[in-house]
Structures are given as structure tokens and as C-alpha cells.
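> prediction below, plus the sequence it came from.
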Number of protein chains: 2
Amino acid sequence: MRQDELTEIRALPLFRNMEAENFDRLFRGAYVQTFPQGVELAREGEMADFFHVVLDGSVELFANWNGRKSTLATIHPLSTFILAATIKNGPYLMSAQTLEKSRMILLPSTDVRAHFAADSGFARAIVLELAQCYRVVVKSHKDIKLRTSPERLANYLLRQSATAADPSSFDLKMEKKRLASFLGMTPENLSRSIKALNTHGVEIALNNVRIVDFNLLRDYAKPDDLIDNPTI
Amino acid sequence: MRQDELTEIRALPLFRNMEAENFDRLFRGAYVQTFPQGVELAREGEMADFFHVVLDGSVELFANWNGRKSTLATIHPLSTFILAATIKNGPYLMSAQTLEKSRMILLPSTDVRAHFAADSGFARAIVLELAQCYRVVVKSHKDIKLRTSPERLANYLLRQSATAADPSSFDLKMEKKRLASFLGMTPENLSRSIKALNTHGVEIALNNVRIVDFNLLRDYAKPDDLIDNPTI
DNA sequence: CGCTCCAATTGATATTTATCAAGAGCCTAG
DNA sequence: CTAGGCTCTTGATAAATATCAATTGGAGCG
């Protein structure tokens, strides 16, 4: 691992408060690796051998049951997965695969658990990270239980808009097929939901989203901080 | 707070590894209180003033949006809510109310955060608790995204059966209205799903569930440890 | 350039789920 | 008792969503 990479990683909230000696020891056993698109990094049911930190690219978390598949989340830099399985020394509840060429840190789970037990600064950082993860899932759960599928799409677009360079024109960051699965609908249904949003101030052509009337869209979507604000 | 209560609480995984002095200090500011049925203990959006540990009774966690309401979880002894909001010093994402007369510990959030920062044994216990909470929500999320509503009911019954004194005959622990909301369906739909399970080895009369053919029910429900096993 | 592949869309239809309305059963206060 | 209020159930219908089949339309490639 290069020195500038180590410096960058050392500055992450998760590692910032580790004692220097522990940080060095933990990262002696770490890998920084670049994976091509479509690599399966974790398979649900298997034991969590590695804790992952995404440095570049993106990772899809998904789950299967009875022949069905659902995308549960996508992870972007600089975020982590799947911490809870590592800490509990339990099986992954979700599978993970790269959506594009991605660079990430792999930390052996046993090392993470050892340092978590020995370094209280690290333990506290893990608490904050886990609390964050927990709240993200709760928000997703509220989203899917309280909203219809076009409502979920409308709010998704508002959330994307909030992080885009140009809030009124941006590109979808996923294939529509995957977006549909993430939003809990079929691809056919997503197509129809997209058309339905034309009457609520949104125009989607190919991968480009243009929000032509924010007030109209907000009136329909009714975004709520307790579901849609990623910072709280 | 009575001494025997304190001894019982001290033995909980969350507090077991706290230093004695810190435990005493934390519980000097604690309340143990008994609430009647239907008391709202937390309202979503408000700041987390207290961290709760349920000693007796049960608590419903639910959320509202746009005039709709959904039950997200029910908390039984000896479990906690809502830790993540307390740790992050953020707003509750869910509301909480007692489902029956319930006794619980209330710990001021500021005290919890202070001890979390100062006591590494406590910090580590919180990590494990949070990791557990996270995995519970992920399982719920998989349940609702991957299964139809009668499938969710069938698997719910199998999970209840696993904890019942008599696995083949037990009572529902909630009003059907609430169970319907928890399972993500309307009460009318729950009634119909219950009838539909007659052909899969289940008979429900009033509140009593009798599983007359486990193999038949399992064939239909296809329970999966990665969704239905609360211990992993 | 034309071919092929695959994602995306569209239309028709089926299934699932929700809504609305009515009735049955049960609990409890008076 | 019994009347009222509640949950639960049932039936009829509507709405939402999924499925199936066919077509469109890029993107990559020889």
C-alpha cells in the first residue's frame, strides 16, 4: 500500500482516532485491491472474512431468496460494508459485487475484531459507523413500507438531485434494471413510473433526468427528512 | 431503583462490562418506570432524550408518513430502543408506544453518550447491541422486499412457533390489525392470508394458531436463516 | 456499415393487494 | 342482560403491481 493511500485512509473517521501503533499493525495485514466490474466480493451466508472500505468505484449489496433477487443498497466511496457481520463474527446477510471497476481496502475480520477489542478509539468510531448504517436501513425500510413505487422513485430523484452538480439535470447512476430492484419494483413498472412523473415536473430521457418543476415534484413526492435526509 | 433490579440490570450484556464506578454513576441518573398501555415514549423527529431498556411488557416501534402509519418492530424484554439515535444525538426515526403495561429503564442520552466515550467496556457492548439491531432491520428489509404477504405471514408463524412453549399451538401476541401493519399488509388482507394458509398446514381460530403440518408449512414458507433466524 | 446483443419500452393481461361497504362476533359499561 | 363500540371477517370492486410477449433502440464489434 502506498504512503499517500495510507495517509488518506488514516484520515477517515473510522481510523482517525485509532492509536498510531494499532493503525500500523492493523494495516500491515490489509490489502488495497482493485477489482474489475462484476466481481462478487461477498456471498450471503458465508462467514465475514473481510471488512471492506470502498475507496473508488461502487458496490451493490443484494440478497436472494427462493430464486428472487433484490438490490438492497449501493455503496460509494468512502463508505464501508459489511461491518456488522465482521463485528458479530456472523455470516453475511447480503451479497456484494462491484458495479464498476473499484478499489477497496480489505481488512481481515479477525484483525478488525482484535483491534476493536483493544483500541477504544477504534471501538467508538465503529459505534458511530454502525449507528449510521442502522439509520440508513431504517430509512429504507420506512421508504418501502410507507410509499408506493412512483412515490419512491420521485423521492429517489429528489435525493439524487440534492447531491448532483446541477440539481435540475443529472444522470442516473445505475442501470434502470438495478434501480428498479433497489426501489422495489419491476423494470417494466419503473418505465411506467417514469412516464407517470412527467405530470409531476420530471422528464427522463435515456439516462438523463431533468427536473423542470421542483415545486410540482415536491408536492407529489412529499420528501421527509426522517426518510430522505442522509445526513441525520 | 431497588437493589435486586440493579443487580438484574447489571447482568445485562450491555452493562455487564462497564466499570463498577461508571455503572453506579450512570444509574444515579436513571429512572425505572412503569407505564400503562398506550403511552407514547418517543415521537419520530424529536431529539432522543432517553435511551430505553424494556424490562417488562412490550413496545411498538412505528413510523408515519403522509397520513400513513406502519409498525416497524415490537420490542420485548430484555431489549433496547432506540440506541442509534441516542448515540448519534439525532432525532428518533421511529415513534414508540407501549403495547401493554410496561416497565423500563430510562437513561438520559447525554449520560449514555458520556459513558460511551469514557468507558470502553460499555462502548464495546454498545457496538454488539447496534450490530444486532442492524442485522434485525436488514432481515426485515429482506423479508419485505423478497416475499409476498402470505409468505411473510407463513414465515412469521414459523418464527413465533420456534419460541413458543408448544410449537404446534400458540397464541398471537398482537392484535391482528397491528400484525397486519407489521407484516406490511392491510387487516383485510391478513384475514385472507390466514385463510389461504389453511391449505398449507395452519389453522388459526381467533388468536390461537395451530400448526397441523409443519412440513407442509415449511414447504410453502421456505424459511431461511438469513432472514428468519434471530440468533445469527 | 450492418449485425448482434441487450437493456429499455410498450401493450395486453393476470395477479396481488387495497379499498369500500356490510355484517358477525366479542368485550365491556351501565 | 343488552347496547355500543370495537376488531375481525367477508364480499364486491378498484387500484397497484407483476408477468408475458413483442418491439424499439442504443452500444459494441467484425
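The structure has been received and is ready for your questions.
> ok and the longest helix along chain A relative to helix B:120-146, angle-wise?
Across chain A, the longest stretch assigned as helix under DSSP state H is helix A:120-146. Relative orientation of helix A:120-146 versus helix B:120-146 (axes from the mean of the first three to the mean of the last three C-alpha atoms, to 10 degrees): 20 degrees.
> which residues sit in contact with the residue positioned nearest the centre of chain A?
For chain A, the residue sitting closest to the mean C-alpha position, by C-alpha atoms, centre = their mean, is A:I75 at 2.7 Å. Contact analysis of A:I75 by C-beta atoms under 8 Å, 6 or more residues apart in numbering or on different chains lists A:V54, A:S58, A:V59, A:E60, A:L61, A:F81, A:A96. Yep, even glycine has a C-beta here, placed from its N, CA and C like the rest.
> how much space between it and DNA strand D?
From A:I75 across to DNA strand D, the span is 24 Å (C-beta to the nearest atom of the strand, to the nearest Å).
> okay, the helix or strand bottoming out on mean pLDDT in chain A in CSV with CA atoms only?
Scoring the helices and strands of chain A by mean pLDDT, DSSP states H and E places helix A:3-10 at the bottom, with a mean of 86. What follows is helix A:3-10, C-alpha atoms only, in CSV (Å, rounded to 0.1, in the frame of the first residue of the first chain):
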residue,chain,number,x,y,z
GLN,A,3,2.1,6.0,1.7
ASP,A,4,-0.3,8.6,0.3
GLU,A,5,-3.1,6.0,0.3
LEU,A,6,-2.3,5.2,3.9
THR,A,7,-2.5,8.9,4.8
GLU,A,8,-5.8,9.2,3.1
ILE,A,9,-7.2,6.2,4.9
ARG,A,10,-5.8,7.3,8.2
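> what comes up buried for that helix?
Using 16 or more other C-beta atoms under 10 Å in any protein chain shown as the test for burial, helix A:3-10 gives A:L6, A:I9.
> which residues sit against it?
A:F15, A:R16, A:F23, A:F27, A:V32, A:V53, A:L55, A:I105.
> next structured bit after that helix?
helix A:13-16 (DSSP states H and E).
> packing partners for that next one?
Applying 3 or more C-beta pairs under 8 Å, 6 or more residues apart in numbering or on different chains; DSSP states H and E, one finds that helix A:13-16 makes contact with helix A:120-146.
> pLDDT averaged over the helix it packs on - what is it?
Averaging pLDDT along helix A:120-146 gives 94.
> who does whichever helix or strand comes after it touch, helix- and strand-wise?
Going down the chain from helix A:120-146, the next helix or strand is helix A:149-163, by DSSP H and E. Judged by 3+ C-beta pairs under 8 Å, 6+ apart, the packing partners of helix A:149-163 are helix A:120-146, helix A:187-196, strand A:208-211, helix A:214-221, helix A:225-228.
> winner for burial among the ones you listed?
Neighbour counts (mean count of other C-beta atoms under 10 Å in any protein chain shown) averaged over each of the helices and strands packed on helix A:149-163 peak at helix A:120-146, with a mean of 22.
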